[in-house]
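**Q** Structure of the sequence below:
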Amino acid sequence: MSHEAYPRLNELLKERAAEGCAVRIAVGDADSPDVQQRGDEEKFGHGIQSRCRLALMHYRPLVGVPGIEVRTHATTLYNSIYRADDQALVNAHVWGVNAYSAPVWHLRRNGEGGMFDTYADSFDAVWATATPVGEK
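**A** Alright, predicted model coming up:
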């Protein structure tokens, strides 16, 4: 979900965090060689880096809000994961194709070890390598 599509996104995330929801946002590090490579592969050039910088600009006001963590990561951007409880939307990135043209899967947890857990574990692994965004 983008701030352009849902301008009230930060307020929604603050409301959910105030209700006890843990909000974790991981954005690609625009200066990472892996992010830059993806831009080259998608023939999107600096567009990917710009999207990462723009996303971070929009999420930065959430830094320091109780219940919300914002981090950047320098891993290869294989997919975008939007998760809520036992459901997730996964925008699977396809080599040479911009993300908006790639498929989006709606996953639901059905027991242990399925596709949902694979993507949830993947996010957790990236999160563990990510750097917290400081207040500026």
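**Q** Any regions of the chain where pLDDT drops low?
**A** 1, 42-46, 135-136 (pLDDT under 70).
**Q** okay, now the domains of the protein?
**A** What the record gives for the chain is the domain set 1-77, 80-128, from automatic domain parsing.
**Q** starting at the chain centroid, how far to the first one?
**A** Using CA atoms, centre = their mean, to the nearest Å, the distance from the centre of domain 1-77 to the centre of the chain it belongs to is 6 Å.
**Q** hmm, back to that, now the domains of the chain as TSV including mean neighbour count?
**A** Any C-beta I mention is one placed from the backbone N, CA and C, and that applies to glycine too. Putting the domains of the chain into TSV (neighbours: other CB atoms under 10 Å) gives the following:
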stretch	mean neighbour count
domain 1-77	16
domain 80-128	13
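**Q** Just put these in CSV and tack on distance to residue 134.
**A** Formatted as CSV, the entries for the domains of the chain read as follows, by distance: least, CB to CB, whole Å:
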stretch, distance to residue 134
domain 1-77, 7
domain 80-128, 17
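**Q** Can you tell me the SS state at residue 37?
**A** Residue 37 falls in the helix class when you classify it by DSSP: H, G, I helix; E, B strand; the rest coil.
**Q** And it, how close does it get to residue 53?
**A** When CB to CB, to the nearest Å is the yardstick, residue 37 and residue 53 sit 17 Å from each other.
**Q** What of residue 21?
**A** In this structure, residue 21 and residue 53 are separated by 26 Å, where distance is defined by CB to CB.
**Q** Over to residue 97?
**A** In terms of CB to CB, residue 97 sits 22 Å off from residue 53.
**Q** Which stretches in the protein count as helices?
**A** Taking DSSP state H as the criterion, the chain carries its helices at 9-18, 33-41, 47-59, 115-129.
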